[in-house]
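J.: starting from these lines, generate the structure:
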Amino acid sequence: MKIAVTSKAFAKNEALISLLSTHFPSYKLNHAGKLLSENEFIEFLADCDGVILAMEQLSEQVISRVPHIKAVAKFGVGTDNIDFAACEKARLPVFLSQGVNKQSVAEMVIGFALMLLRNLYLTSCNLSQGKWQKEGGVSLYHKTIGIIGFGHIGSEVARLLKPFSCRILVHDIVDKSDLCARLNAEQVPLEQLIEQADVISLHTPLTVTTNNLVNSLFLQKMKRSAILINTARGEVVDLEALKLALQNKTIAGAAIDVYREEPPQDLELLSLPTLIPTPHIGGNSAEATYAMGEAAILALVNFFGAVDDK
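T.: Predicted structure coming up:
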């Protein structure tokens with residue numbers, strides 16, 4: 001079996017390549033260093049039997065052009081790039097490994113919160129330019145944290161916040177009362193969370209209802225002292241609305257790791273002193289990268305092994 005791997009991070013990871021080659025000596029890596037277009041993706045899969053999929057769009061059009069692909073394993077946890085209805089129609093199995101990067105993303109959220117609340121980012125940037133600005137901000141301790149989306153990552157954020165004795169407000173479309181009880185959190189309506197939280201962290205999947213969830217109205221309802229953190233999906237935040245909110249000091253700050261367009265091109269936004277922009281590295285720690293790749297490889301090993309046994 002020949003396996004195609006579209007992930008750029010995978011292609012740079014010698015340990016994952018070694019593991020892949022142990023199970024699948026024939027493989028293809030994405031050395032282009034970019035997200036593959038639809039035609040590039042189809043061509044990339046031309047002589048392969050399975051694919052470890054990163055962010056490329058697995059659309060009905062792609063699926064119809066690569067009927068020889070027998071299985072897909074997702075590298076990472078986002079699934080909005082997969083047309084599951086088309087996969088089901090084509091009887092193409094898709095293997096997911098939810099939660100494999102939760103620790104990596106959650107600790108980044110805590111880091112963002114500390115950097116923004118304590119002015120670590122702003123004062124460090126100023127000092128690197130010779131400006132001594134001795135303003136220590138406010139503590140994370142005892143603050144009210146709003147977590148929108150309480151799945152693997154959102155709940156891990158709540159767990160890591162335990163030593164800070166925060167009040168944790170949760171909003172999710174699913175009843176999370178049992179999980180909230182275990183993590184000392186409160187499940188509340190979205191409106192209450194927006195209005196009361198000192199820190200709002202987004203952990204929702206991208207859906208019709210979460211696209212542009214954070215818009216100008218959402219931002220206007222937040223406390224002027226509050227901060228926003230997005231490590232979920234870029235489309236969840238209207239970046240034009242966020243830019244205006246930061247420029248007008250409608251909110252105190254934001255940290256963004258994901259974007260509708262990657263890499264982002266709005267340098268006016270990226271250079272705002274109250275914004276911490278990072279290049280989609282939340283789930284990209286060395287440990288998380290390996291865990292995501294290992295899970296995808298083993299899913300294909302199990303699938304093709306089962307096929308061979310029949």
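
J.: quick one, phi psi at the residue nearest the centre of the chain?
T.: Residue closest to the average C-alpha location in the chain (C-alpha atoms, centre = their mean): residue 232, at 4.0 Å. Here is the backbone geometry of residue 232 (degrees, to the nearest 10): phi -90, psi -90.

J.: grab the nearest non-local neighbour of it.
T.: residue 202 (4.5 Å; C-beta to C-beta, 6 or more residues apart in numbering). The C-beta positions use only the backbone N, C-alpha and C, and glycine is treated the same way.

J.: tally of neighbours for residue 137?
T.: A total of 17 residues lie near residue 137 under the criterion other C-beta atoms under 10 Å.

J.: distance of it relative to residue 225?
T.: The gap separating residue 137 from residue 225 is 10 Å, by C-beta to C-beta, to the nearest Å.

J.: residue 92 now?
T.: 49 Å.

J.: show me what residue 169 is bridged to.
T.: Beta-bridge partners for residue 169, by DSSP bridges, are residue 146, residue 186.

J.: that one is in contact with residue 193, isn't it?
T.: Yes - with contact defined as C-beta atoms under 8 Å, residue 169 counts as touching residue 193 (4.6 Å).

J.: what touches both of the two?
T.: residue 146 (C-beta atoms under 8 Å, 6 or more residues apart in numbering).

J.: picking up where we left off before, counting neighbours, go ahead and name the busier of residue 92 and residue 225.
T.: Neighbour count, other C-beta under 10 Å: between residue 92 and residue 225, residue 92 has more, with 20 against 12.

J.: report pLDDT for the more buried one.
T.: Listed pLDDT for residue 92 reads 98.

J.: thought it was touching residue 71?
T.: Yes - between residue 92 and residue 71 there is a contact at 7.3 Å, judged by C-beta under 8 Å.

J.: let me see the contact set for the residue nearest to residue 232.
T.: Contacts of residue 202 by C-beta under 8 Å, 6+ apart are 148, 149, 213, 214, 228, 229, 230, 231, 232, 236, 237.

J.: just the helices in this structure please.
T.: Using DSSP state H, the helices of the chain run over 8-11, 14-23, 38-44, 60-65, 84-89, 102-117, 120-128, 152-160, 177-183, 190-196, 216-221, 239-247, 267-270, 286-309.

J.: and those as JSON lines, adding distance to residue 255, mean neighbour count and mean pLDDT?
T.: Formatted as JSON lines, the helices of the chain follow (distance: least, C-beta to C-beta, whole Å; neighbours: other C-beta atoms under 10 Å; pLDDT from 0 to 100):
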{"stretch": "helix 8-11", "distance to residue 255": "21", "mean neighbour count": "20", "mean pLDDT": "94"}
{"stretch": "helix 14-23", "distance to residue 255": "28", "mean neighbour count": "14", "mean pLDDT": "98"}
{"stretch": "helix 38-44", "distance to residue 255": "31", "mean neighbour count": "16", "mean pLDDT": "97"}
{"stretch": "helix 60-65", "distance to residue 255": "33", "mean neighbour count": "15", "mean pLDDT": "97"}
{"stretch": "helix 84-89", "distance to residue 255": "31", "mean neighbour count": "12", "mean pLDDT": "97"}
{"stretch": "helix 102-117", "distance to residue 255": "4", "mean neighbour count": "22", "mean pLDDT": "98"}
{"stretch": "helix 120-128", "distance to residue 255": "8", "mean neighbour count": "14", "mean pLDDT": "96"}
{"stretch": "helix 152-160", "distance to residue 255": "13", "mean neighbour count": "22", "mean pLDDT": "98"}
{"stretch": "helix 177-183", "distance to residue 255": "22", "mean neighbour count": "14", "mean pLDDT": "98"}
{"stretch": "helix 190-196", "distance to residue 255": "17", "mean neighbour count": "16", "mean pLDDT": "98"}
{"stretch": "helix 216-221", "distance to residue 255": "14", "mean neighbour count": "16", "mean pLDDT": "98"}
{"stretch": "helix 239-247", "distance to residue 255": "11", "mean neighbour count": "18", "mean pLDDT": "98"}
{"stretch": "helix 267-270", "distance to residue 255": "12", "mean neighbour count": "13", "mean pLDDT": "98"}
{"stretch": "helix 286-309", "distance to residue 255": "18", "mean neighbour count": "18", "mean pLDDT": "90"}
